[in-house]
Every structure is written in structure tokens, then in C-alpha cells.
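Trainee: Following is a predicted model, sequence given first.
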Amino acid sequence: MSQLKKTNIVSFSILVASPFLIAIVALIAVMYGTKDISALTVWQAITVFDPANIDHQIIRTSRIPRICAVLLVGAFLAVAGAVMQGITRNYLASPSLMGVNDGSAFVITLAIVFFPGLPNYQMILLSMLGSALGAGIVFGFGSLIRNGLSPVRLAIIGTVIGTFLSSIATAVAMYFQVSQTVSAWYNTKVHTVDNSMLILSIPFGLIGLMLALFSARAITITALGDDIAIGLGQKTKAVKMVSMLAVVCLTGTAVALVGKIAFVGLVIPHITRFLVGVDYRFIIPCAAVIGAFFLALCDVLSRYVNYPFETPIGVLTALVGVPFFLYLVRKHGGEKHA
């Protein structure tokens, strides 16, 4: 069996099976939590909503928006990570390690402090601006330092810049006495998803996904190296610009919707690449569905780690992501490219 045929079969299997697995996890996420609700009540809340029924209110106003947000963010961050790894040829590239998440959160914090009450669409746009700012600073510093664009060094620069931006944001929030608001936004945004923000985030995220899918073939060629890509007649700068625009749209939307969630964009692209190979026409759609399933599963588990209290979902992703990050560094060491 040829490699391409095998890749097609695996990709098709993932895309066919994932809706059923996601549906099961979504149903569990809606049914179980601090208050358990039966499947029949969930069905009634969707089909014959009763405003006077507390369970129906919990399902409609809290749990359904929450699982929708988690599925979207999982898909967005996984695709953003896959695109970043492809265009930079860096196996450690991800929104959380390259300063993209932190840049977005930094600008959002400044907006909360200096421009409280901004409409949701402006918060999403500012979050995207912050994503671009964070990535620009990290890659700018990397290009100034000798061998600074190698995976490990770029990850170190990203971590330092990300910590720096987070520290400034925290200091500003404390000085203006809004640290509790900012902390709640960072850590409990998943628990209190804003319906209007959720609806607004869908078109912005879809634009990012469409740009990523549109660039998939070009990203596959870029991942072979700039010299080969140019030799094949590809305009590498244009591809990288479109791809980074996709990353900014996806990450900015995700951070505006639920705050910072780390390591999804690092772990999922590697798992997807292991399953379907190196063709980004298959990696991007498969990463989206695997990322959505992974984050939904983490969301369900986060409710039972310290029951009846909820653990921040980022703690669960970090429990998977940190060992995986150390494994990648140990396996690849100081290689210049993935």
C-alpha cells in the first residue's frame, strides 16, 4: 500500500470517527458537573426549553455555550500550532511558547484597564493585534541573535518574552486595582463564556481556518525548506504572511473567547503528524478535530480533579504538554529544524 493511500485512509478514518467521539464527549460535558443532569433533561432543554426550569437554564446558558467554546478553541489552537510548525520548520513552535498567547493576553489586559466596557468585536480585534505583537517581538529577537531561530533558542526567547509581557500586564492590573477582574478573565473564562462573544468569534475563527486550509499545500512545500520552495517557484514570503495571518486570527479569537490555554498548539500537531504524515492538506483538518476532542476531554476531566471544585483547564493541558515538551527537547536536542 502506498504512503499516500495509507495517509488518505487514516485521515478519512479520523474525520469520520471524530464527530461521533466529539458528540459523546460534548454530551458528557453537558450532563455532568457540579450538578448532574440526565440525558432526557438535556434533550428537553434543547427541544422544549422551559425558562422556569433551573436545569434547562443551566444547560442553555452555561453548559452548551461552554462546550461549544471549548471545541472551537481546541480546533483553533491546534491548527494555529500546526501552521506555525510548518512555516517555521520548528518542532517547538506553538502559540503558547512563541509569545502569541501572551501578546494577546497583554493587549487584552491593557484594554480592560484603560478602555473598560469595549464591545466584544473590538476585544477580538485587539486580541489579534496582541497576537501579532507577541509573535513579532519573539521572531524579531530571534532573528537578531546568532542561531536565534533554532527551535530550542526560539522557545527560550518566546518563554522569556511571554513571561515579560505577563509580568507587565500583572503589574499594570495591580496598580489600577483590576487584578481580580484580569485574573478571573485568564483563569475562569471557560466557566463563564459570553454568548455574544462566542457567536462573534465564529466568523473570525473560520476566516483563520479558511486561510490555513487555503495555504495547506504551500505550507507543505515551505516545510521542505526555503531553498526547495523557491526552486519550485513558490513565493515563500507571501505564504508565510498569509499563514501568520491565519495564526493571528485563530489565536487572537481563542484568547479573547476563553483566555490563555497552553500546550494544545504544541502537542496536537505532533500527534496528528504521527498519524497522517507530513502533508498539511491532511494535517490541518485532522488537527482541528483532534484538538477539539482533546480540549473537550480536558474540560470534562477538569471538573473531577478537585471535585466539587473546578480545576482551570490549563492545568490539565499543562500536565500533558510539559512532559511532551521535555520529550521533544530530549529527542531533537539542538537541531536547527524539525
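Mentor: That came through, no problem. Quantities reported herein were computed from a predicted structural model and do not represent experimental measurements.

Trainee: so is residue 171 in a helix, a strand, or just coil?
Mentor: Put simply, residue 171 is helix when judged by DSSP: H, G, I helix; E, B strand; the rest coil.

Trainee: now it: how far from residue 136?
Mentor: Distance, residue 171 to residue 136, using CB to CB, to the nearest Å: 22 Å. For every residue, glycine as well, the C-beta is placed using N, CA and C.

Trainee: Who has more neighbours out of the two?
Mentor: residue 136 (15 against 11; other CB atoms under 10 Å).

Trainee: Please enumerate residues in contact with the helix or strand harbouring the more buried one?
Mentor: Per DSSP states H and E: residue 136 is located in helix 120-144. Helix 120-144 is contacted by residues 95, 98-108, 111, 118, 148-149, 153-154, 157-158, 161-162, 165, 194, 196-197, 200-201, 204, 244, 247-249, 251-253, 255-256 when judged by CB atoms under 8 Å, 6 or more residues apart in numbering.

Trainee: let's go with 6 Å and repeat that
Mentor: Contact partners of helix 120-144, identified using CB atoms under 6 Å, 6 or more residues apart in numbering, comprise 98-100, 102-104, 106-108, 111, 148-149, 154, 157-158, 161, 196-197, 200, 204, 248, 251-253, 255-256.

Trainee: so where's the stretch 151-300 of the chain uncertain?
Mentor: 186-188 (pLDDT under 70).

Trainee: quick one, helices of the stretch 1-150 of the chain?
Mentor: For the stretch 1-150 of the chain, the helices defined by DSSP state H, counting those that start in this stretch cover 3-31, 39-47, 54-58, 64-88, 100-114, 120-144.

Trainee: I'd like to know which of the contacts of helix 120-144 are buried.
Mentor: When the contacts of helix 120-144 are checked for burial by 16 or more other CB atoms under 10 Å, the buried set is 98-100, 102-104, 106-108, 111, 148-149, 154, 157-158, 161, 197, 200, 204, 248, 251-253, 255-256.

Trainee: Just give the closest residue to the residue nearest the centre of the chain, not the sequence neighbours.
Mentor: Nearest to the geometric centre of the chain sits residue 77, at 1.9 Å (CA atoms, centre = their mean). Spatially, and ignoring its direct neighbours in sequence, residue 77 is nearest to residue 264 (4.1 Å; CB to CB, 6 or more residues apart in numbering).

Trainee: you'd agree that neighbour is up against residue 75?
Mentor: No - using CB atoms under 6 Å, residue 264 is not in contact with residue 75; the gap is 9.5 Å.

Trainee: which residues do those two both contact?
Mentor: The contact lists of residue 264 and residue 75 share residue 291, where a contact means CB under 6 Å, 6+ apart.

Trainee: Neighbour count: the two, which is higher?
Mentor: residue 264 (31 against 28).

Trainee: Please determine how far the more buried one is located from residue 318.
Mentor: 10 Å.

Trainee: Chain neighbours aside, what residue packs nearest to residue 154?
Mentor: Distance criterion CB to CB, 6+ apart; nearest residue to residue 154, sequence neighbours excluded, is residue 142 at 5.0 Å.

Trainee: Hey, what's the angle from the helix holding residue 136 to helix 100-114? Just curious.
Mentor: 130 degrees (axes from the mean of the first three to the mean of the last three CA atoms, to 10 degrees).

Trainee: Enumerate the positions of helix 120-144 that are buried.
Mentor: 120, 123-135, 137-139, 141-142.

Trainee: try stretch 181-192
Mentor: Neighbour counts over stretch 181-192 (16+ other CB under 10 Å) mark 182, 185-186, 189-191 as buried.

Trainee: I'd guess residue 198 is in a helix, am I close?
Mentor: Yes - the assignment for residue 198, made by three-state DSSP, places it in a helix.
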